[in-house]
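Participant: I need the structure of the sequence given here:
(one chain, ligands or ions: 2)
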Amino acid sequence: MSVPIIEAKDLKKTYLLGKVPVEALRGINLNVKRGEFLSILGPSGSGKSTLLNLIGALDKPSSGKLLIDGVDESTLDDNQLTELRGRIGFVFQFFNLIPRYTAIQNVELAMSIANVGKSERSKRAKELLETVGLKDRMNHKPAELSGGQQQRVAIARALANEPRFMLLDEPTGNIDSRTAQEIIGLIKKVNGEGVTVIMVTHDQNLAREASHTIEVFDGMIKSDEVNHA
Ligand SMILES: Nc1ncnc2c1ncn2[C@@H]1O[C@H](COP(=O)(O)OP(=O)(O)O)[C@@H](O)[C@H]1O
Ligand SMILES: [Mg+2]
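Facilitator: Ligands and ions are numbered 1, 2, ... in the order given. A predicted model of the protein is given here:
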């Protein structure tokens, strides 16, 4: 048995809203295997983004453990956490592209942060934009692209540093349903090439495309199913 890529053990997160504690996660136990496509379903406010932020080391749990490739995140120092975050591909609902940069510059920037050389950067950015179907839109800025195209750029950017896994928080939340299907197709293609994918959605139909689905309700896991296709 190989070590799960992500393992959460009784993970809890309580925010303080002024003096009022908000229990966003109330004991999450979860195993994600390498190569899986996990979808996280649940209503607004159920704790999905909180869980994703903990997995991505963007925030720390109040208690419990989170192991990445068997390594306890709480044992990592700030440098190691930065290094870990650099190897996670994040994709958000509102794309978060840099408006004054073209598609290719947005993808290249992710690599320059990781100290990839200039010529390698531009070669790889071109390949990635081809992979996501944007070969002829590389020199367009975000405002000159549709929502679906912007999300493709964001996915290319997330893949730039050969991520250990990808985290997507409602990646289709801001695009029409037909384009959403295309984006899911792309995510499945990326997953088929071996990238572990964890995607938050509140769309049951999209969640069904995944190989593993959990439902979060009120900070707890209500169901956990591996889909045998
Ligand atoms: N930074 C924060 N400070 C205080 N409360 C928060 C914060 N972030 C999220 N929450 C609360 O935690 C709960 C879970 O939020 P979230 O993880 O964003 O849910 P979801 O992504 O499923 O909509 C909600 O009640 C939300 O209001
Ligand atoms: Mg959310």
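Participant: Look up phi and psi at residue 221.
Facilitator: Main-chain dihedrals, residue 221, degrees, to the nearest 10: phi -80, psi 120.
Participant: What residues does the residue nearest in space to the middle of the chain make contact with?
Facilitator: Centroid check for the chain by Cα atoms, centre = their mean gives residue 167 as the closest residue, at 1.1 Å. Residue 167 is in contact with 52, 55-56, 88-91, 198-199, counting by Cβ atoms under 8 Å, 6 or more residues apart in numbering. Using the backbone N, CA and C atoms, a C-beta is placed for each residue, glycine as well.
Participant: Now go through the residues you listed and say which are in helices.
Facilitator: 52, 55 (DSSP state H).
Participant: export the contacts of residue 167 to JSON lines and tack on distance to ligand 1?
Facilitator: Formatted as JSON lines, the contacts of residue 167 follow (distance: Cβ to the nearest ligand atom, whole Å):
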{"residue": "52", "distance to ligand 1": "8"}
{"residue": "55", "distance to ligand 1": "12"}
{"residue": "56", "distance to ligand 1": "13"}
{"residue": "88", "distance to ligand 1": "18"}
{"residue": "89", "distance to ligand 1": "19"}
{"residue": "90", "distance to ligand 1": "14"}
{"residue": "91", "distance to ligand 1": "15"}
{"residue": "198", "distance to ligand 1": "13"}
{"residue": "199", "distance to ligand 1": "12"}
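Participant: What mean pLDDT does the longest helix seen in the chain get?
Facilitator: Longest helix in the chain by number of residues (criterion: DSSP H): helix 177-192. On average, the pLDDT along helix 177-192 is 92.
Participant: and that helix, which residues are buried?
Facilitator: Of all the residues in helix 177-192, those buried under the rule 16 or more other Cβ atoms under 10 Å are 179-184, 186-187, 190-191.
Participant: The host helix or strand of residue 104 packs against which elements?
Facilitator: Assigned by DSSP states H and E, residue 104 belongs to helix 103-113. Applying 3 or more Cβ pairs under 8 Å, 6 or more residues apart in numbering; DSSP states H and E, one finds that helix 103-113 makes contact with helix 118-131, helix 147-159.
Participant: The longest one packs against which elements?
Facilitator: With contacts taken as 3+ Cβ pairs under 8 Å, 6+ apart, helix 118-131 sits against helix 103-113, helix 147-159.
Participant: so which of these comes closest to ligand 1?
Facilitator: When those are compared by Cβ to the nearest ligand atom, helix 147-159 sits nearest ligand 1, at 18.1 Å.
Participant: Tell me how far that closest one lies from the chain's centre.
Facilitator: Centroid displacement of helix 147-159 relative to its chain, using Cα atoms, centre = their mean, to the nearest Å, is 12 Å.
Participant: same thing with stretch 44-61?
Facilitator: How far stretch 44-61 lies from its chain's middle: 11 Å, per Cα atoms, centre = their mean.
Participant: So for that stretch, first residue to last residue, what's the gap.
Facilitator: 20 Å (Cα to Cα, to the nearest Å).
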